[in-house]
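**Student:** Sequence and predicted model, in that order:
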Amino acid sequence: MKKTKLGEFEEFVLLTVALLEEEAYGVEIKRQLEDRLNHRLSVGSIQSALKRLEQKGFLTSRLGEVTPKRGGKRKRIYQLTSYAEKVLIELRTIRENMWNSLPGLSIQ
């Protein structure tokens with residue numbers, strides 16, 4: 001595996017974007033992560049991670065439609081790149097292999 005410079009939090013953000021699909025925007029990503037991690041997160045930490053991941057080539061983004069609910073403000077929708085999908089699969093395989101190698105702690 002080549003070095004990806006992908007931290008644990010960034011991995012969680014990527015997995016959340018994949019999970020949310022067309023609903024992958026900042027506030028919803030934050031809500032999902034807080035629910036799954038059982039931990040409060042700042043909007044800034046999410047926005048910083050999304051920006052880093054886009055700069056590294058793991059995400060692309062586009063502006064969604066204008067909605068009256070948001071006062072005319074458009075959501076920035078994030079999507080995984082094929083590179084991100086490949087890296088996430090590699091990380092999962094590595095983790096599973098390592099866990100399965102531990103005596104008494106395998107995931108099977």
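**Tutor:** On my side now, so go ahead.
**Student:** C-alpha only now, for contacts and for neighbours.
**Tutor:** Noted.
**Student:** Return the distance of residue 42 relative to residue 27.
**Tutor:** With distances taken as CA to CA, to the nearest Å, residue 42 is found 10 Å from residue 27.
**Student:** Looking at these two now, which is surrounded by more residues?
**Tutor:** Neighbour totals were compared for residue 42 and residue 27, and residue 27 leads with 14 against 9 (other CA atoms under 10 Å).
**Student:** all helices for the protein, in order.
**Tutor:** For the chain, the helices defined by DSSP state H occupy 8-20, 26-37, 43-55, 82-101.
**Student:** quick one: which of those has the weakest pLDDT on average?
**Tutor:** Looking at the helices of the chain, the lowest mean pLDDT belongs to helix 82-101 (a mean of 92).
**Student:** other SSEs contacting that one?
**Tutor:** Secondary-structure packing of helix 82-101 (3 or more CA pairs under 8 Å, 6 or more residues apart in numbering; DSSP states H and E): helix 8-20.
**Student:** ok, back up a step: tabulate the helices of the chain (CSV), appending distance to residue 76.
**Tutor:** As requested, the helices of the chain are exported to CSV (distance: least, CA to CA, whole Å):
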stretch, distance to residue 76
helix 8-20, 12
helix 26-37, 7
helix 43-55, 10
helix 82-101, 18
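**Student:** among these, which is nearest residue 65?
**Tutor:** helix 26-37 (14.9 Å; CA to CA).
**Student:** For the closest one, name the packing helices and strands.
**Tutor:** Packing partners of helix 26-37 (3+ CA pairs under 8 Å, 6+ apart): helix 8-20, helix 43-55, strand 74-80.
**Student:** With just CA atoms, put the first one into CSV.
**Tutor:** Listed in CSV are the C-alpha atoms of helix 8-20, where the atom choice follows Å, rounded to 0.1, in the frame of the first residue of the first chain:
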residue,chain,number,x,y,z
GLU,A,8,-8.4,7.9,11.5
PHE,A,9,-10.7,10.9,11.6
GLU,A,10,-10.3,11.4,7.9
GLU,A,11,-11.1,7.8,7.3
PHE,A,12,-14.3,8.2,9.4
VAL,A,13,-15.3,11.3,7.4
LEU,A,14,-14.7,9.4,4.1
LEU,A,15,-16.8,6.5,5.2
THR,A,16,-19.6,8.9,6.3
VAL,A,17,-19.6,10.6,2.9
ALA,A,18,-19.9,7.2,1.3
LEU,A,19,-22.8,6.3,3.6
LEU,A,20,-24.7,9.5,3.0
